[in-house]
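I'd like to go over a predicted model; first the sequence, then the structure.
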Amino acid sequence: MTAQSSSGNREPLPSRTFVWAAGLMLLGTLALSCIFLQGNRVLSLPPGPGWQAVEQAQKVLISRYTNVLWQALLVSAGSGIAGLGLLAVGLVRWRRAWQEELQLARDKEKQWRTKASSVDVHLADTRKVAEELVASEKEARAQLVAVAKKHADLEAELNKRKQAEKAFSAERQSLESSKTVLELHVQNRTVELQKLQRRYELILNAAGEGICGLDLQDKATFVNPAVARMTGWKIEELQGRTAADIFRPIVGGDKDAGEGIFHRQDQSSFAVEFVRTRIEEGGQQTGSVLIFKDITERKRSEETLEQKAAELTRSNAELEQFAFVASHDLQEPLRKIQAFGDRLKAKCEEVLPEDARDYLERMQKASARMRTLIDDLLAFSRVIRSSQPFVQVDLAQTAREVVGDLELRIEKSGGRVEIGNLPTLDADPMQMRQLFLNLIGNALKFQAPGSVPVVKLQATSFTSGSGELFWDIAVEDNGIGFEEQYAEKIFAVFQRLHGRDEFEGTGIGLAVCRRITDRHGGRLVAKGEPGKGATFTVRLPARQPH
């Protein structure tokens, strides 16, 4: 404030000096201008009469004008010099005033710098305090947020507890209200359990098998009447006895299941089939249950059946041996009959009477049929006695080979054989060839006169309940067919539905086919209808047990 007042007091000095100097110079300039204009008017007067007198007057005037001009110039110069002097004096005073102002300003600057440094220090302290206040504010806000969150959590927890208390109260009321109902339900369940227990006891007592409950010491805690009936003890006497005391001793009793020998009270024994099961509660064994039944009659039946099966096996073996030997032994006399008949026909045919030639012809035909019959019997015997191992057989290839063997018969009848997608399975290759040869040969043979045979072979697969894969190979023809009542009779040995005059054969071919399928664990069935053909279905397993 002091510097500003001092500066305001001294500021008009140079201004007034400049004003005076400017005024003087302006006055001098105006005077000079007036003089100059006056002289111009005088000089610009037009010439007239008396030009010479005028010219003389002009010279006087010019001389005066020149003097006035010099006076004006001097006045102007004086006023200019006076103005410049005043200006110089003003500038000097103004300079001194500004030097004093400058010194004051420098002093003030020092004071302001000192004050500014203190202000900076104070400002730094203020900023530090402000930063601390900001940090404190942030921390306070964070604490406020945490407190608000805790408050919200506490309110939520309080709400949950209130809801839980309400639910608990409602549940308590519900439990209290259902207490009576539950007691009634428990009473009803108890009655039902007692009824069920009595029913189970009745079932156990009525069971034909012996049922004996044993504890950990192998002592009887429960026995049904069947145990008393089979062992000869009374039920009261069996309670508390060990299994070894009751059945003394148990033969085969070291197993949990199987067959064994139990003994009665009178020391007699009987065969049983038994199962012993553990009783567990909470993962701990608390006892066991022994269930058994008397299989004495079954054992006797099994022994009788085994004896009969052995006798049947021995009888079949003897019959097979007899058929094989008899067939071989019949070959030699049959060959001689055929040989001597051929010689007799060749040498004596011309001399023999007509009836003798007829007898000879019948004898040769009968011997030929006998030879065919013996060959078929040998083939049937070979099927029974065969023990060739099973290998993988391509039935499609086997069927094509059989069709090749029957090519002449097929060409003669004009028929055809259609072979579908047949499988490859475990079998005896020679017997599969014999099977197809007999079935396809019969399909071509049993045809109506003038008909064209058409034989179709196709296969389908299916899986049994045990997961085993089977194949059904169907041989279908368009021949004469047969009545359904003969569907099993045609597979018996020497059984024919037609006379020898209608169709050739011995009646053994289908029996051989049935024996082949039986040996392979399969089956052979036939379906037919008179005049519409027949279908023979061979069912074979894809894999044979080794």
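Yes, it's here.

chain center to stretch 99-117, what's the gap?
The chain centre lies 92 Å from the centre of stretch 99-117; the measure is C-alpha atoms, centre = their mean, to the nearest Å.

and it, average pLDDT?
Averaging pLDDT along stretch 99-117 gives 85.

show me the helices in the protein, by range?
Assigned by DSSP state H, the helices in the chain fall at 2-10, 12-43, 51-206, 225-231, 235-238, 243-247, 296-348, 354-385, 395-405, 407-413, 429-445, 509-519.

kindly check the end-to-end length of stretch 511-531 for me.
End-to-end distance for stretch 511-531: 23 Å, by C-alpha to C-alpha, to the nearest Å.

list the buried residues of it.
Within stretch 511-531, the residues scored as buried using 16 or more other C-beta atoms under 10 Å are 511-517, 519-522, 524, 526, 528. Placement of C-beta: from N, CA and C, glycine included.

shaky segments in the stretch 351-500 of the chain?
Within the stretch 351-500 of the chain, the ranges that satisfy pLDDT under 70 run 369, 373, 375-388, 492-500.

same check on the stretch 101-250 of the chain?
Along the stretch 101-250 of the chain, segments meeting pLDDT under 70 span 200-201, 204-208, 249-250.

I'd like to know how many residues surround T242.
Residues near T242, counting by other C-beta atoms under 10 Å, number 14.

W233 versus the nearest residue to it once chain neighbours are set aside, what's the distance?
Of all residues not flanking T242 in the chain, D218 sits nearest, at 4.9 Å (C-beta to C-beta, 6 or more residues apart in numbering). Look at D218 and W233: by C-beta to C-beta, to the nearest Å, they are 16 Å apart.

repeat that for L510.
L510 is 61 Å from W233, by C-beta to C-beta.

that older thread, including pLDDT and distance to V129, could the buried residues of stretch 511-531 go into TSV?
TSV is the format used below for the buried residues of stretch 511-531 (pLDDT from 0 to 100; distance: C-beta to C-beta, whole Å):
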residue	pLDDT	distance to V129
A511	82	123
V512	82	121
C513	87	117
R514	87	117
R515	85	118
I516	86	115
T517	89	112
R519	84	113
H520	86	109
G521	88	106
G522	90	108
L524	90	113
A526	89	117
G528	85	119
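
tell me which residue is most central in this structure.
Central residue of the chain (C-alpha atoms, centre = their mean): G467, 24.1 Å from the mean position.

roughly how far apart are that residue and T460?
Taken as C-beta to C-beta, the span from G467 to T460 is 18 Å.

now E280
Distance from E280 to T460, counting by C-beta to C-beta: 50 Å.

also L184?
L184 is 64 Å from T460, where distance means C-beta to C-beta.

ok, N67 next?
162 Å.

quick one: which of these two has more around it?
T460 (13 against 10).

which non-adjacent residue is nearest the more buried one?
Spatially, and ignoring its direct neighbours in sequence, T460 is nearest to D472 (5.1 Å; C-beta to C-beta, 6+ apart).

is the one you found in a bridge, and if so with what?
T460, R539 (DSSP bridges).

got the domain ranges for this structure?
Here the domain assignment for the chain is 2-172, 207-294, 297-385, 390-541, based on automatic domain parsing.

for E192, find the nearest of those.
Closest to E192 of these is domain 207-294 (C-beta to C-beta; 21.2 Å).

circling back: which one of the domains of the chain lies closest to R189?
Of these, nearest to R189 by C-beta to C-beta is domain 207-294, at 20.0 Å.

what count of nearby residues applies to W98?
Using other C-beta under 10 Å, W98 has 15 other residues around it.

quick one: it from V393, how far?
W98 sits 136 Å away from V393, taking C-beta to C-beta as the criterion.

skipping adjacent residues, who's closest to A427 in space?
Sequence neighbours aside, V393 is the residue nearest to A427 in space, at 4.4 Å (criterion: C-beta to C-beta, 6+ apart).

tell me the contacts of the one you found?
Taking C-beta atoms under 8 Å, 6 or more residues apart in numbering, we find V393 in contact with T424, L425, D426, A427, D428, P429, M432.

any chance of the helices of the chain in TSV, plus distance to G287?
Formatted as TSV, the helices of the chain follow (distance: least, C-beta to C-beta, whole Å):
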stretch	distance to G287
helix 2-10	121
helix 12-43	135
helix 51-206	15
helix 225-231	16
helix 235-238	15
helix 243-247	12
helix 296-348	28
helix 354-385	56
helix 395-405	59
helix 407-413	77
helix 429-445	58
helix 509-519	51
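
so what's Q392 up against?
Counting by C-beta under 8 Å, 6+ apart, Q392 has contacts T424, L425, D426.

how close does the residue nearest to the last one when sequence neighbours are not counted get to R241?
Taking C-beta to C-beta, 6+ apart as the measure, D426 lies nearest to Q544, with 3.9 Å between them; neighbours along the chain are not counted. Here Q544 is placed at a distance of 53 Å from R241 (C-beta to C-beta).

what do you get for E183?
Per C-beta to C-beta, E183 is found 42 Å from R241.

cool, L87 as well?
In this view, L87 and R241 are 157 Å apart by C-beta to C-beta.

do R276 as well
On the measure of C-beta to C-beta, R276 and R241 end up 16 Å apart.

ditto for N421
Separation of N421 from R241 (C-beta to C-beta) stands at 69 Å.

compare the two and say which is more crowded by neighbours.
R241 (17 against 10).

hang on, the earlier thing: D218 and W233: who's more crowded?
A direct count of neighbours by other C-beta under 10 Å for D218 and W233 places W233 higher, at 19 against 14.

what is the burial count for the residue nearest to D426?
Other residues near Q544 number 15, with proximity taken as other C-beta under 10 Å.

which pLDDT value belongs to it?
Taking Q544 on its own, its pLDDT is 84.

run through the residues that contact it.
So Q544 contacts F390, D426, A427, H520, G521 (C-beta under 8 Å, 6+ apart).

quick one, the longest strand along the chain and helix 296-348 angle?
Across the chain, the strand with the greatest residue count (assigned by DSSP state E) is strand 269-281. Between strand 269-281 and helix 296-348, the angle comes out at 120 degrees (axes from the mean of the first three to the mean of the last three C-alpha atoms, to 10 degrees).
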